[in-house]
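In: Structure, please.
(chains A and B)
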Amino acid sequence: NAGVMQNPRHLVRRRGQEARLRCSPMKGHSHVYWYRQLPEEGLKFMVYLQKENIIDESGMPKERFSAEFPKEGPSILRIQQVVRGDSAAYFCASSPGTVEKLFFGSGTQLSVL
Amino acid sequence: GQQVMQIPQYQHVQEGEDFTTYCNSSTTLSNIQWYKQRPGGHPVFLIQLVKSGEVKKQKRLTFQFGEAKKNSSLHITATQTTDVGTYFCAGLSGTYKYIFGTGTRLKVLA
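Out: Sure, this is the predicted structure:
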């Protein structure tokens, strides 16, 4: 049973470009969380999704950031017109239910030049 | 908004010494989880505590959930170099939102 798969592992973008981060949850998991981590800091909640639904996006900036978890395919975190301050590690986690442990992917390290 | 703080932020110990990290929430939690993140790695689940006053042990690790369900601790007995990493608590607020603590970075000197 494959774990949570995130790609790409590293993503380099120039200011103003778009970044698309993908997350395939573990088989059977319908709950997906996205977290952001700056170096030597904790994980900041961004968004929580269930299949085809955004349940809570309170941690995600309203401008430039969006997330989806379609019926088929991976969850996508999209950042439009990236700025240097978007540089961070973005982790996706999945779980089979809401009061369950989270399984994290290896993360995507986004660098904005 | 809800905050989950951990102390200390950093801890350096000699191999064989004990280590404790403390987690405090500004609000009552439904449950609390602990994760370990190795340098350059991703968080890995360690344990979940649900009941008030609950204590759980995993080999050299002892986890405790406070009576008021607003604080928790992780204690490692006789640290080893393999214990190096950052330890995060994560409090469940409501029914689905996990708020991660600020983390405690542990270094073990051989």
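In: Spit out the contact partners of the residue most central in space within chain A.
Out: Centroid-nearest residue in chain A, with CA atoms, centre = their mean: residue A:34, separated by 3.9 Å. Residue A:34 is in contact with A:23, A:46-47, A:49, A:60, A:67, A:75, A:77, A:90-93, counting by CB atoms under 8 Å, 6 or more residues apart in numbering or on different chains. Quick note: C-beta positions are derived from backbone N, CA and C, even for glycine.
In: which secondary structure element contains residue A:28?
Out: Using DSSP states H and E, residue A:28 sits in no helix or strand.
In: pretty sure it is touching residue A:96, no?
Out: Yes. Residue A:28 is within contact range of residue A:96, at 5.9 Å (criterion: CB atoms under 8 Å).
In: so who does residue B:15 touch?
Out: Contacts were defined as CB under 8 Å, 6+ apart; by that measure residue B:15 touches B:79-81, B:108-110.
In: For it, give its distance to chain A.
Out: Applying CB to the nearest CB, to the nearest Å, the value for residue B:15 to chain A is 23 Å.
In: Quick check: the closest residue in space to residue B:29 that isn't next to it in sequence vs chain A, distance?
Out: Leaving out its chain neighbours, the residue that sits closest to residue B:29 by CB to CB, 6 or more residues apart in numbering or on different chains is residue B:91, at 4.1 Å. Residue B:91 is 11 Å from chain A, where distance means CB to the nearest CB.
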